[in-house]
Structure formats: structure tokens, C-alpha cells
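Undergrad: Coordinates only, no sequence provided:
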């Protein structure tokens, strides 16, 4: 494959008609394939079926401190589940609140508490005319959706290979006390697969913020979601809690994690970790909202996953299923686009996505072409605040859900669409 | 037992010393008994242990419309769970959203949505300097806690044997568009055991409200919680949805219910029902908050409880355990206080509580005396907004949790405390 950007117009036109034929052939197949959603495959879900056996009608549903999980009570989680979630959250059990089956809900509620009540004595954020939020982009569309729901102004921040561009971040937070926080998926980020460097974590923890109630929403969604078993092939993340404590800003972060892509999405348990002051405040403010989350499901998860080693062993089984899928994405993109000079993508060592940058100005066209040929992708722009990708380039590839053969077919279609859209664009220029 | 209010001072003094001796004897026993909490007993929880067997690793976790309950999706509940909750909510499945394990959380969130976003186009309630809420009292302390958390001014409304005093309610709602709603536990109310009459339901539905976004928060927590199996001994509640529709105010109500006291408190499923417009708005506003509630637990509950008849059969087993406890309360109170002229109480046909009115001005003293003698009661005043019972009379008796013999002992202590506090008071007058 030659670099398409160096082709003469005649060569581009001939390539275009060739790609159009190829595209028509794909379209004629009447495919129905999906690379849109960050959902585990059936094969992955099967790994957790024994979760349904660990508790039955003969089980003792008493916690290690003697609480009957079948009745009301325990607002912050049973001790053994706190320990389990602490392992995921890289924190101490006493700093953890075990929550329900949706970490998105936990993040929404954490934001709502700050809006309604402020945090640690600060003015409720809803009492400002408007507040602003830093959104490293490309990022997770549902994070942006929470900001949008509450009318919080989103400011995109460039993502680098080490995390958000900290020069930008430091400038933004220093200027305006209405800049109240930042979304972070610090490990195997969605969609870039980036793990924040220690320097980025430390700069986030130590930067001077105009707002004294600035909060880092640290969504460690992929904390245990390595693609490789060998430690040297796994990303390591420096603990934000430790960094914040060292920097003298111990209350700056809220950590979130869940078992959604460990056991069953939407039917797992989640966790919140923060400084002792933040945890105490969250418990106090949650008291009128809920008596306690599902302790039986907490116990079920503890008895199934057991501990950090149990989680590692279980995630290695997921990784074995996911590795060939990510390898297929890498191979197909390299084969089809490696030397074409029109696209770039990442090769993550974990997480659920490949972030793909099409030829600028063509992402919407690529997704539309793919859809017409029966391949559903995440909407172009979804990875940016307000769905506005300034380059119209970024597309999130989600390879986990489809079986390997479908994924392979979908990528063939996708590569064709990427090239066709680029050639169309080059001919317009 | 003579009517204590007619005793001469000398007789009162001699009775007082007799009661003090009796009280001292109870105290010497070093009891530790609890009639405070509306929790089911272990024996009741045992009834639902088979819930843990209906799903195991061999189960098909596919819904009737082909959704895999193990993966993300389905924001409003699986069809079979909508049908089950519709049976509890006395509504159509299409008007139901199946929620998570806490109906308190569902009510808190419904309130938060109205505060943040208004409802059906109205001004967000948080944008008023203050809003007000009608609180039939005695009522449920956690309802009042939600108002208090959000700084909503609570207005107590007298409870009658047919529900809230509708003359009061109609006057309040007609005066001020900041009166935005009312808490209702319409069947076997907490704590009074009152089921609203058809007339009350219809007046609630049809009354003229100054606020066009007035909402009835209809917490049907005890909808299937009869104490007796024969239909003629069960209270019947007229459907608020039907009443509101007939009155031309179809959007006025939000219904809530849960399986918390059907299967396992805090580990069940809950439901929200409202008009199609309200349901559509709730779904839209919940979309940024959560992808979907725990579908596996929904499926588990459907396979265990099956349908309306399954719920009835299961609740009959609860009733068989609860009847002797409520009978013990009735007997002990009648024996100890029946002719004393200092107290009154109800004899509910369902629900979880007996509402007890001590001699005015003595409820706090009674609870304190009981506590010192090792019997924990719900705090006096808890059944009133701001914990302020104007009569200092109401005490909530929760007979479900303790075993029968402990309950019986606790009631002996309680009766003694009620009499002692009344005699003390009468001697002061």
C-alpha cells in the first residue's frame, strides 16, 4: 500500500473507483456486524456463571462480623466486600464504600452531591451561575453525558501518550475557581488505552487549583483489565491517593471502580474510595438516600472472586479471550492501512477499546459508510464533549463483543470505508 | 385496671411507687430487647432462601424477549419483571420502570430529578427560594429525611382513620404554588396502619393545586403485606392512577413499591409507576445516570415469585409468622392499658407497625424509661417532621423483628413504662 496522501489525482480517482467496487461488494453481503459497544462477549460472560452457584438456599449469609446479609443495614458495605473492592481501588478498606451494580450511578451521584451540597464545607456547585469541567478527549461519552445533564460546561483537554496534557490542565485550573474537576480514566483509558504516567498523576495531585474544592473523578474502570498476564506487559498506575496525600491535597480525588467487566455488567458491585473526610461526608449525605446496597450480591462476589489473586486469575481468563480480538484489530489495521498515511491508532495493553484516528474530516463519513454496509460503529464524535470532534477524526473501535470471525469481517469493511472516505476527501482538496 | 386520669393524688402516688418497684424489677433483669425497627425476622427471611436456588450456573439467563441478563442494557427493566412489579404497583407493565434494590433510593432520586430539572416542563424546584411538602403525621421518618436533606419545608398534616385530613390538605395545596407534593403510604401506613379511603384517594386526585407540577409520592410499601388471608379481612386501596386519570390530573402521582419485605430487604427489586409522560421523562433523565439496573436479580425474583398469585402465596407465609406477633401486641396493650384511659393504639390488618399514642407529653419519657430497662423503641418524635411531635405522644411499635417471647417481654416492660410516665405526668398536673 502506497501513502495515499502522495498520490496524483488520476491515481486517486482510479483507487476511488476500485474502493467503490470493493465497498459495493461488502454492501451486497447484507452484513449485520457490531463494533460499537464496550460489552463483554458471551464467552466472557460464561466465565462468571459459577458466581451463581456460590450462594444457594443452604448458604450461611452471615458476614465475618456477624451481619445477616438478608436484612436491612450496613450503609457502606460488608467488611469482606470492602476488602475486595479496596484491592481493585488500590486503597485501604476503611476508605472504601461498596456501592450498587452501576459505577456510572455512583459517579452521577457523587457529582449530584457536590452540586447540591458542595463538598467539605464548600459552596454547593449548583449555586454558581455555571461551573466547568475538564474533559481529556477523546474520552468516555457517558462521563460527558453526566456533565451535559447537569449543564456543566465541558472543556476538552488534549490526551497525550502519558495522559492529559498537563500544561493545558494546569493553565485551566489555575485561572478560574469555577473549574471544579476533571474526568480521568487513568488506566487503559477509554478509548485511547492510555495509562497515566507517574508524572501526570503527581502533577494532577499537586497542581495549584483556583477552586479549593476541585475534584479529580478517577474512574479506574479498567484497573484489572490487562490483556497480558506477564507483569512486564501490564501497565502500572501510580496511586492518586498517595500522590494527593504527598502533595498536601488529600481530599482532591474520588476513586471509582466496579466488577462490571469482571463478572456481569450491570449486575456486579461497585466501589467508591476517597480520603477519610470525603468518605465520612459521602456516608452522611447518602444516609437519607439509601439504607444499604445489596449485601447478598456483595457476599456472592466475595465468595466467587475471593481476593486480589482471585481477581487476577479470573481476569487472565478474560484476557485469553480478548487477546486474539485485539490482535486481529492490530493485524487488520496494519495490513490495510499500515503504510497508507491516512490513519493512526493505538495498541493498548488492556481495557476495552482501540482509539482510531481516521483522515481528518472523515470520521463521520467512515461511520456512515460502515453503517450502510452493515457495520455499526460508535458514533463519530461520541468520544468528545458535545459530540464535537474538532478534527472529525476519532472513532472508537470496540472489539470485545463480536465473535472473532465477525470482528474480522467487520474490520475488512471498516478498512475499506476508511480508505474510501480518505480518497474522497483528498480528491476534494 | 381503673382509669388513671380519675385517680386521686394519693392513689396516684401509691400506684407510682408500685410501678417503680415493677420497673426496677424489669431493670434488674438486664434485658436487651428491640422493638424499634421495621425489619423482618430471621424466620421470615428463611421463607425466601429458595430465591437463591432459582438461578445457578446451568440457568438460561435470557429474558422472554431474548435479552441476555448478564450483559449491559435495558434501562427500564426486563419485560417479565415489569409485569411482576406492575402487579405490586397495581398498574400496567408499560407504565412501570423496574429499579434497583432500594425504593428509598428511587424516591430520593425522583425528588432530586424534580429539584434539578422540574417535571414535564415546570421550573426546577431547586430554583425556588424554598418549596414545601405535606407530611401526613405520624409518618415514615425516612420520607421526612429526604425532605430535610434537600431543605424542603415540611408541613405536618393530621392523619385520620381514612388517611390524611383532606380539608387540611386541600387548604394547603390551594394557597401556595410552592407546596409541591405530599408523602403518602396509602396502604397499612407507617406507622398508623391506615389504608386511605376511596374518598381520600379521589380528593387527592381531584383537588385544585396552586402548583401545576404538584406530585403525590405514593409509597405503596405495604401493598401486599396483609396480616390475614381472607379477602374480607384485607384492606383494599383505590388506585391513585385511575383516580388521577378520572379527575383529569393524570400526571399528578409517582407510585413506588419494592420486594424489600417480600424477599430480602436491601437485596430485592423495586418499581416506579407513573403516567406515560412521567415515565418517559424519568427514563430520559435517568439515561445519563445509569445504563440499567441488575437484570439478573430481576430475573431471579420473577422466577421465584412468578406472578400476583405467587406473591399472594408467599405473603401468606409471612402473615402466618406476623399474626401472632401483632396479636401479642394487641393482647398485651389491651391487658395492660385497656381501661387505663391514658393511651390509644391501632389494630392494623397489615403493614409492619402499631402506632401507639401515650399520655400526651410522655412519649419521650416512655422511650427513655424503656431504653434504661433494656428495651429499644423507635425514638419518640421520629414519626413527625423534624422529630417534633407537638403532643409528645406518638411511639411506633415494630413487632416484626424480635422472636415472640422477646416481644412479649418487651411489651410488659413497655406497658409498665407507659403507665409510670403517665402517673408521673398526672402528679405534676
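TA: That came through, no problem. Here the structure is a predicted model, which means the values were calculated and not measured.

Undergrad: low pLDDT regions in chain A?
TA: For chain A, the stretches with pLDDT under 70 are A:1.

Undergrad: And the residue nearest the centre of it?
TA: Chain A has residue A:190 as the residue nearest its centroid, 3.7 Å off, counting by CA atoms, centre = their mean.

Undergrad: is it true that that one touches residue A:220?
TA: No - with the criterion set as CB atoms under 8 Å, residue A:190 and residue A:220 do not qualify as a contacting pair; they are 11.3 Å apart. For every residue, glycine as well, the C-beta is placed using N, CA and C.

Undergrad: Just the element for residue A:410, please.
TA: Residue A:410 is located in helix A:404-428, with elements delineated by DSSP states H and E.

Undergrad: What of residue A:355?
TA: Secondary-structure element containing residue A:355, defined by DSSP H and E: strand A:354-357.

Undergrad: Give the buried residues for that strand.
TA: Of the residues in strand A:354-357, those buried by neighbour count under the rule 16 or more other CB atoms under 10 Å in any protein chain shown are A:354-357.

Undergrad: And stretch A:117-127, by the same measure?
TA: A:117-119, A:122, A:125-126.

Undergrad: So which of those residues is the closest to chain B?
TA: Each of the buried residues of stretch A:117-127 was scored against chain B by CB to the nearest CB, and residue A:126 proved nearest at 6.6 Å.

Undergrad: From the structure, what's the count of residues near the closest residue to the closest one other than its chain neighbours?
TA: Counting by CB to CB, 6 or more residues apart in numbering or on different chains, the nearest residue to residue A:126 once its immediate chain neighbours are dropped is residue A:115, at 4.3 Å. By the measure other CB atoms under 10 Å in any protein chain shown, the count of residues near residue A:115 is 22.

Undergrad: same question, residue A:116
TA: By other CB under 10 Å, the residues close to residue A:116 number 19.

Undergrad: give me phi/psi at the residue nearest to the centre of chain A?
TA: The main-chain torsion angles of residue A:190 are listed as degrees, to the nearest 10 and equal phi -100, psi 110.

Undergrad: quick one: contacts for it?
TA: Shown in contact with residue A:190 (CB atoms under 8 Å, 6 or more residues apart in numbering or on different chains): A:38, A:139-140, A:221-222, A:351-353, A:396.

Undergrad: 7 Å - rerun?
TA: Contacts for residue A:190 (CB atoms under 7 Å, 6 or more residues apart in numbering or on different chains) come out as A:139-140, A:221, A:351-353.

Undergrad: can you check residue A:387 too?
TA: Under the criterion of CB under 7 Å, 6+ apart, the contact partners of residue A:387 comprise residue A:381.

Undergrad: burial count for the closest residue to chain B within the stretch 301-429 of chain A?
TA: Distance from chain B to each residue of the stretch 301-429 of chain A (CB to the nearest CB) is smallest for residue A:401, at 8.5 Å. Using other CB under 10 Å, residue A:401 is surrounded by 22 other residues.

Undergrad: quick one: the helices in chain A?
TA: Assigned helices in chain A, in chain order: A:9-28, A:42-46, A:79-89, A:103-117, A:141-149, A:166-175, A:198-206, A:240-246, A:276-286, A:295-305, A:308-337, A:363-372, A:404-428 (criterion: DSSP state H).

Undergrad: re earlier: of the contacts of residue A:190, closest to residue B:202?
TA: The shortest approach to residue B:202 among the contacts of residue A:190 belongs to residue A:140, at 48.7 Å (CB to CB).

Undergrad: Contacts only, for that closest one.
TA: Under the contact definition (CB under 7 Å, 6+ apart), the residues listed for residue A:140 are A:185, A:190.

Undergrad: Check the gap between residue A:21 and chain B for me.
TA: Applying CB to the nearest CB, to the nearest Å, the value for residue A:21 to chain B is 37 Å.

Undergrad: my bad, residue A:264
TA: On the measure of CB to the nearest CB, residue A:264 and chain B end up 5 Å apart.

Undergrad: So that residue is in contact with residue B:297, correct?
TA: No - counting by CB atoms under 7 Å, residue A:264 does not reach residue B:297; the two are 10.4 Å apart.

Undergrad: and the stretch 51-200 of chain A, which residues reach chain B?
TA: The stretch 51-200 of chain A comes close to chain B at residues A:52-53, A:55-57, A:59, A:70-72, A:100-102, A:104-105, A:108, A:112, A:126, A:145-146, A:149, as judged by CB under 7 Å from any CB of the partner chain.
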